[in-house]
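Asks: with the sequence up front, the predicted model follows.
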Amino acid sequence: MGACDEAIGCDPGTGQSCPPRREFKARGSFVERCDGCRLPVLNCLCPYRVSATSDVRVWLLTHPFEHHKPTNTGRLIADVLPQSEIFTWYRTAPDERLLQQLTDRRYVPFVVFPDDQPDYQHRVVDERAVASAKQDDFIPVFILIDGTWRQARRIFRKSPYLDGLPVLPLHTERLTRYRLRKPASASHLCTAEVAAELLRKTGDVAAAGILDDYFDAFNDSYAASRIYHKLEKPTPAMQRLLERRAFGSQMARVFSPE
């Protein structure tokens, strides 16, 4: 983490200095939270955290306010896929790390965004472009804009460094299972759900399953904590995650050097 001037402030996602902004206070800021998962300690999520591998990378372009929201699901992706990157969006101060990553020829980045406007139709691709990048030995990258729909559209329109990138829309019949914020439509998936569905559609089925289960565990844990209810036993999704953790520990012991 880099040092930063107190007058400027630190980026909550990276620790780097950032432009000044008014303080954001999320609902429930008084609740005692786990330092690891940020959920209320009543139903800590840490016992269910499982890492997965994937043929793609996920880069989150996150609105500054999302870092302060305990209901944010973008961080669940980084928990499950450790190679994920989190960049904070500032309109007048693009993240230099992101700009450098975009020039790395190992990657083929795709901006995940709806194809509902005519002015960027020439940039729209589908999952076949992701498969083609894999076949050519490149690393596909899903750039997920993490914020409200209004924030996401502003980020998409006000970020010139995204203008030349292909746009990958997500077409799915899946409806959201997210219970912690009310979406404008049941077809509006939260960030973690979008990532899981994209992973599944592009062939990373195992990683998609783990992320889906981790999201469900988060959803159930947080919803229960809101009404001060302690979950007495693991849900089915939690049980599957516990089994994966146990299996991973067994495999680590088998392959560890004596």
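Replies: Everything's here; your move.
Asks: so which strand or helix has the residue nearest to residue 77 when sequence neighbours are not counted?
Replies: Spatially, and ignoring its direct neighbours in sequence, residue 77 is nearest to residue 195 (4.9 Å; CB to CB, 6 or more residues apart in numbering). Any C-beta I mention is one placed from the backbone N, CA and C, and that applies to glycine too. For residue 195, the enclosing helix or strand under DSSP states H and E is helix 191-201.
Asks: list the buried residues of that helix.
Replies: Neighbour-count burial for helix 191-201 flags 191, 192, 193, 194, 195, 196, 197, 198, 199, 200, 201 (criterion: 16 or more other CB atoms under 10 Å).
Asks: list the contacts for the first one?
Replies: Contacts for residue 191 (CB atoms under 8 Å, 6 or more residues apart in numbering) come out as 60, 72, 73, 74, 77, 144, 146.
Asks: now do residue 210
Replies: For residue 210, the contact set (CB under 8 Å, 6+ apart) comprises 50, 52, 80, 241, 244.
Asks: circling back: the helix or strand that the helix holding residue 195 is followed by vs helix 191-201, what angle?
Replies: Per DSSP H and E, the first helix or strand lying C-terminal to helix 191-201 is helix 205-226. Orientation note: helix 205-226 sits at an angle of 160 degrees relative to helix 191-201 (axes from the mean of the first three to the mean of the last three CA atoms, to 10 degrees).
Asks: now the helices for the stretch 101-250 of the chain?
Replies: 127-135, 149-157, 191-201, 205-226, 236-255 (DSSP state H, counting those that start in this stretch).
Asks: reformat those as JSON lines; add mean pLDDT and distance to residue 185.
Replies: Putting the helices of the stretch 101-250 of the chain into JSON lines (pLDDT from 0 to 100; distance: least, CB to CB, whole Å) gives the following:
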{"stretch": "helix 127-135", "mean pLDDT": "97", "distance to residue 185": "23"}
{"stretch": "helix 149-157", "mean pLDDT": "95", "distance to residue 185": "9"}
{"stretch": "helix 191-201", "mean pLDDT": "97", "distance to residue 185": "13"}
{"stretch": "helix 205-226", "mean pLDDT": "96", "distance to residue 185": "18"}
{"stretch": "helix 236-255", "mean pLDDT": "80", "distance to residue 185": "24"}
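Asks: among those, which is the most enclosed?
Replies: Between these, helix 191-201 has the highest mean count of neighbours, a mean of 24, where neighbours are mean count of other CB atoms under 10 Å.
Asks: endpoints of stretch 47-66, how far apart?
Replies: With CA to CA, to the nearest Å applied, stretch 47-66 spans 24 Å between its terminal residues.
Asks: perfect, I'm done here.
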